[in-house]
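Colleague: My questions concern the predicted model and sequence given below.
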Amino acid sequence: MGMSDLETYIQAMRKDVEGDVCSRSRVMDALLDLRIEAGSRSDVTTLVDDALADLPGKTMVPADWYRERLDILELAAVNPVEPVA
């Protein structure tokens, strides 16, 4: 998936965030789907893994937490980290 496609995918994820809290299982599923979409983008998959490891709550996730993670993921999608040779 290209950078613009990945950015578009993350923006679509953001549109699904409503209210003050989100279902933890929905957030987890969305992040796992994003991980698949990111494919070989190790910078993005690492950030997704970090978000999954830090996922708060037992059943609900604060929407602000999720939006912040999407912001970070979108920045990574737009500005890929180039490997150092």
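Modeller: Yep, that arrived. Here the structure is a predicted model, which is why all the values come from computation and not from measurement. Numbers count the residues shown, from 1 in each chain.

Colleague: what comes up buried for the helix or strand of the chain with the lowest mean pLDDT?
Modeller: Across the helices and strands of the chain, mean confidence by mean pLDDT, DSSP states H and E is lowest for helix 3-15: a mean of 88. Neighbour counts using 16 or more other Cβ atoms under 10 Å place Leu6, Glu7, Tyr9, Ile10, Met13 of helix 3-15 among the buried residues. No exception for glycine: its C-beta is placed from N, CA and C like everyone else's.

Colleague: And for stretch 41-53?
Modeller: Judged by neighbour count (16+ other Cβ under 10 Å), stretch 41-53 contains these buried residues: Arg41, Val44, Thr45, Leu47, Val48, Ala51.

Colleague: Going by distance to Lys58, which of the residues you listed wins?
Modeller: Comparing those against Lys58 with Cβ to Cβ places Ala51 closest, at 16.7 Å.

Colleague: what about the closest residue in space to the closest one that isn't next to it in sequence, helix or strand, and which?
Modeller: Leaving aside its sequence neighbours, Ala51 sits nearest to Arg69 (Cβ to Cβ, 6 or more residues apart in numbering; 4.6 Å). Arg69 belongs to helix 63-78 when assigned by DSSP states H and E.

Colleague: packing partners for that helix?
Modeller: helix 3-15, strand 21-23, helix 24-38, helix 42-53 (3 or more Cβ pairs under 8 Å, 6 or more residues apart in numbering; DSSP states H and E).

Colleague: Throw the ones you listed into TSV and include distance to Leu73, thanks.
Modeller: Compiled in TSV, the helices and strands packed on helix 63-78 are given as follows (distance: least, Cβ to Cβ, whole Å):
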stretch	distance to Leu73
helix 3-15	5
strand 21-23	15
helix 24-38	7
helix 42-53	6
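
Colleague: ok, the nearest residue to Val48 once chain neighbours are set aside - contacts?
Modeller: Excluding the flanking residues, the one nearest Val48 by Cβ to Cβ, 6+ apart is Arg35, at 4.4 Å. Remark: with contacts taken as Cβ atoms under 8 Å, 6 or more residues apart in numbering, Arg35 is in contact with Val44, Thr45, Val48, Asp49.
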